[in-house]
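Novice: sequence first, then the predicted structure, then my questions.
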Amino acid sequence: MEAGRVSVNGVVVTHLGTRADPETDDVRLDGRRVGRAQRRRYIVINKPAGYVTTRDDPQRRKTVLDLVRRVREYVYPVGRLDYDSEGLLLLTNDGELAARLTHPRHAVERVYEAMIRGVPSAPKLAKLASGIVLDGRRTAPAEVQLLGGHKSRRVDQARVRVTLREGRNRQVRRMFEAIGHRVVRLGRTRFGPLTTRGLKVGATRELSPAELTALQEAVGIAPSVRARRARR
């Protein structure tokens, strides 16, 4: 500043106590504007099948970013849902939150509902719950609930809810394949405290302040309500 390299709104400033707001003022160093602080964005999508969970795709398939074209900030998906799956997905530009949500240490719950071929027996469901070996490593214990079985076009099918606390590649599909049942439809209905309730497939919305706080508390960024009350 003392060398006259900084300007605010077109006026060179040399006084070290000068204040400016990068959100509203034109602050420049050597004639180049200093970037504004990026607005934090937290967007929930109810992802349809047929979209890839990346910012771009070399095969030119539709990506989840095509669902949020009006968002100017550089946002990216937290974790993944595979191409054929649907359900809850979070997009953000909050790097710390994204890293914590996907780190195994925080064991954030992911709830899926799967339509599978055939109706699994109780021993098979118990095997899923206790853990399946995938790629030489056993999956973490899961919660598995049979929601119902029926016949459709002369084929036995069942709907099963699975709650995981880890996120491996195509994990739910591979777990069911390991016990002899193919997934024909898969959707994620909850991720941590977030749900798809009231959000149509393909629709998006911003997180509410309460949802953001709950998500931060789930991974230890914000103090819990109980801890805040204890300090009062």
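Specialist: That came in fine, so what should we check first? Since the structure is predicted, the reported quantities are computational estimates derived from the model, not experimental observations.

Novice: tally of neighbours for the closest residue to M1 other than its chain neighbours?
Specialist: Distances taken as C-beta to C-beta, 6 or more residues apart in numbering place T14 nearest to M1, at 5.5 Å, with adjacent residues excluded. Placement of C-beta: from N, CA and C, glycine included. By other C-beta atoms under 10 Å, 11 other residues sit near T14.

Novice: if I look at T14, what pLDDT would I see?
Specialist: pLDDT recorded at T14 is 85.

Novice: which strand or helix spans it?
Specialist: T14 is part of no helix or strand when elements are defined by DSSP states H and E.

Novice: pretty sure it contacts V8?
Specialist: No. Using C-beta atoms under 8 Å, T14 is not in contact with V8, being 11.0 Å away.

Novice: mind listing residues that contact stretch 131-138?
Specialist: Residues from elsewhere that reach stretch 131-138, judged by C-beta atoms under 8 Å, 6 or more residues apart in numbering: 139-142, 168, 171, 174-175, 178-179.

Novice: using a markdown table, lay out these together with distance to E73.
Specialist: Formatted as a markdown table, the contacts of stretch 131-138 follow (distance: C-beta to C-beta, whole Å):
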| residue | distance to E73 |
| --- | --- |
| T139 | 35 |
| A140 | 33 |
| P141 | 37 |
| A142 | 35 |
| R168 | 29 |
| Q171 | 30 |
| R174 | 34 |
| M175 | 35 |
| A178 | 40 |
| I179 | 42 |
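
Novice: going through those, which ones are buried?
Specialist: Listed as buried from these are 139, 142, 171, 175, 179; burial here means 16 or more other C-beta atoms under 10 Å.

Novice: quick one: which of the residues you listed is nearest L125?
Specialist: Relative to L125, the closest of the buried ones among the contacts of stretch 131-138 is I179; by C-beta to C-beta it sits at 8.3 Å.

Novice: from I132, how far out is the closest one?
Specialist: 7 Å (C-beta to C-beta, to the nearest Å).

Novice: ditto for T14
Specialist: Relative to I132, T14 is positioned 67 Å away (C-beta to C-beta).

Novice: now do Q145
Specialist: On the measure of C-beta to C-beta, Q145 and I132 end up 17 Å apart.

Novice: between those two, tell me which one has more neighbours.
Specialist: Each of Q145 and I132 has its neighbours counted (other C-beta under 10 Å); I132 has more, 18 against 12.
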